[in-house]
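Sequence plus predicted model, see below.
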Amino acid sequence: MLYSFFRHIACLSFALLITTLSSVAQSVKEVDICIYGGTSGGVIAAYTAKQYKKSVLLIEPGKHLGGMTTGGLGLTDIGNKYAITGIARDYYRRIGQHYGKFEQWIFEPHVAENLYADYVKRGQINVLLSHRLDKVRKTNQRIQEIIVENSDKPSQKQTIRAKMFIDCSYEGDLMAKAGVPYHVGREANTQYNETINGVQLMTGHQLPDGIDPHKTSGKPESGLLWGISDEKLLPNGTGDRKVQAYNYRICLSDDPANQVPITRPVGYDSTHYDLLARLIEAQSGKYSLNQYFIWSRMPNHKTDINNRNGFSTDMIGMNWEYPDATYAKRAEIIQKHETYTKGLLYFFGHDTRVPEPLRQEMLKWGYPKDEYTDSGNWSPQLYVREARRMIGSYVMTQANCQGRDVVNDGVGMAAYTMDSHNIQRVVVEKNGQKMTKNEGNVEVGGFGPYPISYRALIPKVADCQNLLVPVCLSASHIAYGSIRMEPVFMVLGQSTALAAAMAIDAKTSVQKVDVAKLQQELVRNPLADGSTAEILVDDNNEVAVTKTGSWESDSKSKGGYGPSYLLGGRQTGDKVQYTPSIQRAGTYQVFLYLPRLEKPASEIGLAVFDGKTRKEISVKPADVVVVGQTSGEWVALGSYRLPTGKDSYVELITQKTDATVAADAVLFVPVTQ
């Protein structure tokens, strides 16, 4: 019932959107804020700007909104849910409502897209689809207007004037055409005093030793296999202009009633998978697709498939031209990635060099009939992990990720591992033998959420004064690898839209926005609609949290909410009490966060006191379905009428001492009347 209603509303909203597009293209000449790029960050930026009573035009070169969030990345990379605030958090709560849960970070592509359409409808946002940037006109360090062209008919052009511009594209095209300096590729470690930037030959997603790179094994004169570079491997830490690999996040279905067969794609070349055939031979006996793909299950028999190990969905080394390429060249690169990826799936299902068990496993899957219905059931969004990166007023670096440099003008947080996919496939020599290796993969974590500087979202004063860049923001290659998560782009989209609105109201530049007031407004009005903000009581709040018994703070392990959580449970009756400060009396839903632990206690006790009555609850952590790659789960404790002040509390009590008890965060969410 809920699914049908939600989809019906989404269809109505898209119908409304499409019917207004022609009138928008003809009549909208001037707006307060122009947002280029209908990515996840772009939609949230547009919605935020409208909430602050600004006229907005959202321009998207393609035919769909949401970028990678709707393009197949359904297993959301989070790192730590604490970092995701405001409307971005609201988005995942609404996804949860669709699936009958409080919050959901795993979802089907069409569900994600329908929800963005709902934001567009509720925000009454003017959207111009299928229009890409042609020219930017700038005077006195301010963009005066941009000219966009129809993506299918470039001769059809439209001029847009605005007071403020926000570049939410993955490529940073508006930023680049506005003459703002940027970087492509990897900086040398010496540039920002880093240790894991530049060339990095590591072990992750690597080929095993001994795989010959030549077309005929042992014969260099035969030439190299497809996809292997003949460039000399430079020393670790050396900078270059090479870009980490792109891929598609693949949505397939194993429901026979919802399948389109995986067939041989036009342009298929089996020699592109010769190296893979050698890898399969070297790993004889490993007959699972999970050895070659991160094969993650989505709701309703679907997948979000990502790259894994030495040869997979990443088309390594084939995208270096993409960031600065013409639209025609980008289209060519995108098509080659599509052919490669569809060919990879076909190879696994049909090539006789693939063992029969693997072929049969692949043949159980097909393209989903109900996804991407206007693009052949294939995602229209290539995963552009990294393209241009602005060199702005402040550059985020490895030191920010690891907490050695902490900014005080943060307007969003990141929490993911510093992550780079492989960048090139090269020939190396080891013990006198030449072999194939991947280079560029980095996965270094071990840090908690950290703030992203407002200055990293704006150009230098001399470069542009009415442009904000929340996606291709100012960060080194390796820091960008931690920041570049879809929910973070949504958070930064909201922050930059609010900053743009504030700059308009103050008749000033983005560089002169009062950042303290910006931060305060993001906290005071997180949903940009004036609603009562939820109340979080985290374990590190010394005023609101009291402990009885032996508890130790853990700030290094993954799976918690916020910078730390408490570990204890040595004695029955040990307690942690959370006391919220209620500013507005009313009904609140109460949730406990259960971190992801390898072996949690079999049972924990809880008590909720609403100022009059104490309700006792028992929870078995093993019964809670924990979703997400690195995070835990909120557990509902019920709804309560809570008085103003500090007369209510939640108490966590050790009941079983058979394993570790974790005490993390408690959340009080106001119920809308």
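Happy to help now that I have it.

in the stretch 201-350 of the chain, which spans are helices?
With DSSP state H, counting those that start in this stretch, the ranges of helices along the stretch 201-350 of the chain come out as 274-282, 327-350.

cool, the stretch 451-600 of the chain as well?
In the stretch 451-600 of the chain, the segments counted as helices under DSSP H, counting those that start in this stretch are 477-483, 486-506, 515-524.

Which among these is found nearest to residue 268?
Using C-beta to C-beta as the measure, helix 486-506 is the one of those that comes nearest residue 268, at 30.9 Å. For every residue, glycine as well, the C-beta is placed using N, CA and C.

will you turn the helices of the stretch 201-350 of the chain into TSV that also has distance to residue 562?
Listed next are these as TSV, based on distance: least, C-beta to C-beta, whole Å:
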stretch	distance to residue 562
helix 274-282	41
helix 327-350	37
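
which residues touch the nearest residue to residue 585 once chain neighbours are set aside?
Among residues not flanking residue 585 along the chain, residue 644 sits closest, at 4.7 Å (C-beta to C-beta, 6 or more residues apart in numbering). With contact taken as C-beta atoms under 8 Å, 6 or more residues apart in numbering, residue 644 is in contact with 582, 583, 584, 585.

Buried among the residues you listed? Need that as a selection in ChimeraX.
Applying 16 or more other C-beta atoms under 10 Å to these leaves a buried subset, and the ChimeraX line that selects it is:
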select :582
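
Mind putting the contacts of residue 644 into TSV with pLDDT and distance to residue 454?
What follows is the contacts of residue 644, written out as TSV (pLDDT from 0 to 100; distance: C-beta to C-beta, whole Å):
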residue	pLDDT	distance to residue 454
582	96	31
583	93	27
584	92	29
585	94	35
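
Same question for stretch 611-625: list its buried residues.
For stretch 611-625, a neighbour-count test (16+ other C-beta under 10 Å) marks 611, 617, 619, 621, 624 as buried.

any idea which of those residues is least confident?
Across these, the bottom pLDDT score, 75, is held by residue 624.

I figured it hits residue 633, correct?
Yes: using C-beta atoms under 8 Å, residue 624 makes contact with residue 633 at a distance of 5.4 Å.

now for the helices of the stretch 451-600 of the chain, which one comes closest to residue 382?
It is, among the helices of the stretch 451-600 of the chain and with distance given as C-beta to C-beta, helix 486-506, at 14.5 Å.

packing partners for the closest one?
Helix 486-506 sits against strand 30-36, helix 40-51, helix 67-70, helix 86-98, strand 157-167, strand 410-414, strand 467-468, helix 515-524, with contacts defined as 3 or more C-beta pairs under 8 Å, 6 or more residues apart in numbering; DSSP states H and E.

Off-centre distance for the second one?
Yep, that's helix 40-51 we're talking about. 16 Å (C-alpha atoms, centre = their mean, to the nearest Å).

Now the terminal residues of stretch 256-269, how far apart.
28 Å (C-alpha to C-alpha, to the nearest Å).

do stretch 452-461 as well
The separation between the terminal residues of stretch 452-461, taken as C-alpha to C-alpha, is 19 Å.

which parts of that stretch are buried?
Quick answer for stretch 452-461 (16+ other C-beta under 10 Å): 452, 453, 454, 455, 456, 457, 458, 459, 460.

Distance check, the residue nearest to residue 585 against residue 582.
5 Å (C-beta to C-beta, to the nearest Å).

And residue 423, by the same measure?
From residue 423 to residue 582 the distance is 51 Å (C-beta to C-beta).

Let me know the distance separating the residue nearest to residue 264 when sequence neighbours are not counted from residue 265.
Excluding the flanking residues, the one nearest residue 264 by C-beta to C-beta, 6+ apart is residue 346, at 5.2 Å. Per C-beta to C-beta, residue 346 is found 7 Å from residue 265.

all helices for the stretch 51-200 of the chain, in order.
67-70, 86-98, 109-123, 173-177.

How far does the first one sit from its chain's centre?
Looking back up the chat, that one is helix 67-70. 9 Å.

Which secondary structure elements does that helix sit against?
helix 40-51, helix 109-123, helix 486-506.
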